[in-house]
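Novice: here are the coordinates; sequence isn't available:
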């Protein structure tokens, strides 16, 4: 599938009706989502015929992009039942299958590296400090091949240090810097929309037998 076609399909997806501020719910735009998954597949082969998990999937944009790029199986996880309902409707509209699980990422009880790839647009950690790191630490425990994630560019050094030193990543690479357009969704947003710099990261987990050494 061509990038433009992928972006066009994702652009038609339903997004949050009433975003929840405490969960930092912001839609992952079709522009960023399509490039994230297209890069994962075409540069690294991390999507097609792989088992992919979308952490904090919201309305399912990243996970559904993975299904469109021929992932073998995709699981979307989110704490919010309303978001999962929208994700289910979006999957029906695209005529694809995506497993959906309601849970808090930090409470995930998966044992070992049971998925190939994790894709995620985690909370930035502005409302609940450290929320982004909970996602990253859990993702690096359950993925065997790669973790793709978006984080604010201002946190770049902190993310790299934590991933390599604390969370068992064997490599942590910024693939590109993107402009994340936050639409004015919440009353406390003064401007019509806010443009922030985010990094698209690719983390490679250590093989399980190495991580304790």
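Specialist: Sure, I can see it. Nothing here was measured: the structure is a model prediction, and the numbers come from that model.

Novice: use CA for all of it now, contacts and neighbours both
Specialist: Fine.

Novice: Contacts for the longest strand along the chain next, please.
Specialist: Using DSSP state E, we find that the single longest strand of the chain is strand 169-183. For strand 169-183, contacts defined as C-alpha atoms under 8 Å, 6 or more residues apart in numbering pick out 26, 32, 140, 153, 160, 163-164, 192-206.

Novice: quick one, helices of the chain?
Specialist: With DSSP state H as the criterion, the chain has helices at 3-11, 30-44, 61-68, 81-94, 131-142, 156-165, 208-211.

Novice: Just name the most buried of those helices.
Specialist: Neighbour counts (mean count of other C-alpha atoms under 10 Å) averaged over each of the helices of the chain peak at helix 61-68, with a mean of 28.

Novice: now what about that helix, what contacts it?
Specialist: Helix 61-68 has contacts (C-alpha under 8 Å, 6+ apart) with 1, 6, 10, 13, 28, 30, 33-34, 37, 47-48, 52-54, 57, 73-76, 87, 91, 96-98, 119-120.

Novice: again, but for stretch 145-155
Specialist: With contact meaning C-alpha under 8 Å, 6+ apart, stretch 145-155 is reached by 36, 40, 46, 116-122, 124, 132, 136, 139-140, 177, 196-205.

Novice: pLDDT at the closest residue to residue 170 other than its chain neighbours, what is it?
Specialist: Computed as C-alpha to C-alpha, 6 or more residues apart in numbering, the closest residue to residue 170 that is not its neighbour in sequence is residue 206, at 5.0 Å. For residue 206, the model assigns a pLDDT of 92.

Novice: Could you pull up the contacting residues of residue 206?
Specialist: Residues in contact with residue 206 (C-alpha under 8 Å, 6+ apart) are 144, 168-170.

Novice: who wins for neighbours among those?
Specialist: If you count neighbours using other C-alpha atoms under 10 Å, the busiest of the contacts of residue 206 is residue 169, which has 24 neighbours.

Novice: Just give the nearest non-adjacent residue to that one, would you?
Specialist: Nearest-residue entry for residue 169: residue 205, 4.4 Å, with adjacent residues in sequence omitted and distances by C-alpha to C-alpha, 6+ apart.

Novice: ok, now residue 196?
Specialist: Once flanking residues are discounted, residue 196 sits nearest to residue 180: 5.2 Å by C-alpha to C-alpha, 6+ apart.

Novice: Point to the residue nearest the middle of the chain.
Specialist: In the chain, the C-alpha nearest the mean C-alpha coordinate belongs to residue 120, at 1.0 Å (C-alpha atoms, centre = their mean).

Novice: ok, now how distant is the nearest residue to residue 59 once chain neighbours are set aside from residue 15?
Specialist: In space, and not counting its chain neighbours, residue 59 is closest to residue 87: 4.2 Å by C-alpha to C-alpha, 6+ apart. Residue 87 sits 9 Å away from residue 15, going by C-alpha to C-alpha, to the nearest Å.

Novice: Return every residue with contacts to both of these two.
Specialist: Shared contacts of residue 87 and residue 15 (C-alpha under 8 Å, 6+ apart): residue 59.

Novice: what's around the residue nearest to residue 196, how many residues?
Specialist: Considering only other C-alpha under 10 Å, residue 180 is surrounded by 18 other residues.

Novice: could you measure it against residue 198, distance?
Specialist: Distance of residue 180 to residue 198, computed by C-alpha to C-alpha: 6 Å.
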